[in-house]
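Chemist: kindly generate the corresponding structure for this input.
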Amino acid sequence: MDTKKSAVAVINSSGIIQMTNKPLQKLFDYKASELEGQNVSILMPAPFSNRHNGYLAAYIATGSGSV
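Modeler: The predicted structure is shown next:
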């Protein structure tokens, strides 16, 4: 994953970051150890960070990504 030039985060169905690559870590100025195990919403500004868990739950329930 570190060979990619794009920033990438892999999350589970609960929104918990499982893995990140170096471009993402550099972009957000975090170490992998600071990100992994955290909710992906820490990378988002409000109000998106406050709403993301609901969006993710709706996607899991419906399979639709529309907001």
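
Chemist: low-confidence stretches in this protein?
Modeler: Scanning the chain for pLDDT under 70 picks out 1-4, 66-67.

Chemist: the residue nearest the centre of it and residue 59, how far apart?
Modeler: By C-alpha atoms, centre = their mean, the chain has its centre lying nearest to residue 40, at 3.4 Å. Separation of residue 40 from residue 59 (C-beta to C-beta, to the nearest Å): 13 Å. No exception for glycine: its C-beta is placed from N, CA and C like everyone else's.

Chemist: pretty sure the residue nearest to the centre of the chain is touching residue 20, no?
Modeler: No. The pair residue 40 / residue 20 is not scored as a contact, 9.7 Å apart, by C-beta atoms under 8 Å.

Chemist: find residues that contact each of the two.
Modeler: Common neighbours of residue 40 and residue 20, using C-beta atoms under 8 Å, 6 or more residues apart in numbering, are residue 9.
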